[in-house]
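Student: Would you be able to build a 3D model of this:
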Amino acid sequence: MTKPGKRIKAARENADSVKLHTVEEAVKSVKANASAKFDETIEIAMNLGVDPRHADQMVRGVVSLPNGTGRTVRVAVFAKDAKAEEATKAGADIVGAEDLMEKIQGGFMDFDRVIATPDMMGVVGRLGKVLGPKGLMPNPKVGTVTPNVGQAVKDAKGGAVQFRVEKAGIIHAGVGKASFDEKAITENVKAFIGAVAKAKPTGAKGTYIKKISISSTMGPGVKIDTADSGA
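Tutor: Numbering: from 1, shown residues only. Below you'll find the predicted structure:
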């Protein structure tokens, strides 16, 4: 059987990008289109009916994906003494206090998540201009400012994904890898959608979740029917 030509393939992909799918159908389609030579990330994009410029319409939170993200998360922890030891035992990649602050001020950024004990926020606060724009500033709302640093490190390493709505009202996140089986990706997608739905702010008016789509790193986006998403 001959392979479909580029025009037919493009038409199919275009049809896929317009049609609304169940989560299971969308995952099946995205997995089928993930044909790169590397293990592509499965990404989700959600368009929300909010204006994050208003404090009562900000959407942010954290969700532990049931099957993890499939990527190695490097964690930096600001803590001292017993809490520093707790973080190290839990698997933190780098632990420090003023010394870590100075290292980051000097350009060190080899980490994906920053966790801090409450007493260290005076030190971490001096890094606002460095960590803030990258979305790495610790925040108690997403569990990254906490006295329980050991658990926070384990959560970050085990598949806890932070989300925050961008200016245009969109949330993006990685929810797995193309090498995951369909069931694992589907469970992760549903868990992520559910967490965003629960994080609906008090100021949201009208339709909260407007559009949902998933894609692989190199593949086309596939739209999910919000009515079927469980949101």
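Student: Could you check how far the spatially most central residue of the chain is from Lys223?
Tutor: With distances taken as C-alpha atoms, centre = their mean, the residue of the chain nearest its centroid is Ala173 (3.6 Å). The span separating Ala173 from Lys223 equals 17 Å under the rule C-beta to C-beta, to the nearest Å. (C-beta placed from N, C-alpha, C; glycine too.)
Student: quick one, helices of this structure?
Tutor: 6-18, 23-33, 81-90, 98-105, 121-124, 128-131, 149-158, 182-198 (DSSP state H).
Student: can you tell which of the ones you listed is closest to Pro140?
Tutor: helix 121-124 (9.2 Å; C-beta to C-beta).
Student: what is the rounded mean pLDDT of that closest one?
Tutor: For helix 121-124, the mean per-residue pLDDT is 96.
Student: Can you name every helix or strand that that helix contacts?
Tutor: helix 98-105 (3 or more C-beta pairs under 8 Å, 6 or more residues apart in numbering; DSSP states H and E).
Student: hmm, who's touching the helix it packs on?
Tutor: Ala76, Phe78, Ile94, Gly96, Val123, Val124, Arg126, Leu127, Val130, Leu131 (C-beta atoms under 8 Å, 6 or more residues apart in numbering).
Student: ok, the closest residue to the first one other than its chain neighbours - how many residues close by?
Tutor: Which is Ala76. Closest residue to Ala76 apart from its sequence neighbours, by C-beta to C-beta, 6 or more residues apart in numbering: Phe111 at 4.0 Å. Phe111 has 18 neighbours, counted by other C-beta atoms under 10 Å.
Student: In this structure Phe111 contacts Phe78, no?
Tutor: No - counting by C-beta atoms under 8 Å, Phe111 sits too far from Phe78 to count as a contact (11.3 Å).
Student: Tell me, how many residues neighbour Asn33?
Tutor: Using other C-beta under 10 Å, Asn33 has 21 neighbouring residues.
Student: so how many other residues sit close to the closest residue to it other than its chain neighbours?
Tutor: Once flanking residues are discounted, Asn33 sits nearest to Gly219: 3.9 Å by C-beta to C-beta, 6+ apart. Neighbour count for Gly219, taken as other C-beta under 10 Å: 22.
Student: Tell me if I'm right that Gly219 and Val30 touch.
Tutor: Yes - applying C-beta under 8 Å, one finds Gly219 in contact with Val30, separated by 6.0 Å.
Student: Please name the residues that touch the closest residue to His172 other than its chain neighbours.
Tutor: Among residues not flanking His172 along the chain, Ala45 sits closest, at 5.3 Å (C-beta to C-beta, 6+ apart). Contact partners of Ala45, counting by C-beta under 8 Å, 6+ apart, are Ile170, Ile171, His172, Lys211, Ile212, Ser213, Ile214, Ser215, Gly221.
Student: Sketch out the low-pLDDT regions of the chain for me.
Tutor: Applying pLDDT under 70 to the chain flags residues 1-18, 229-231.
Student: Relative to Lys210, how far out is Glu166?
Tutor: 14 Å.
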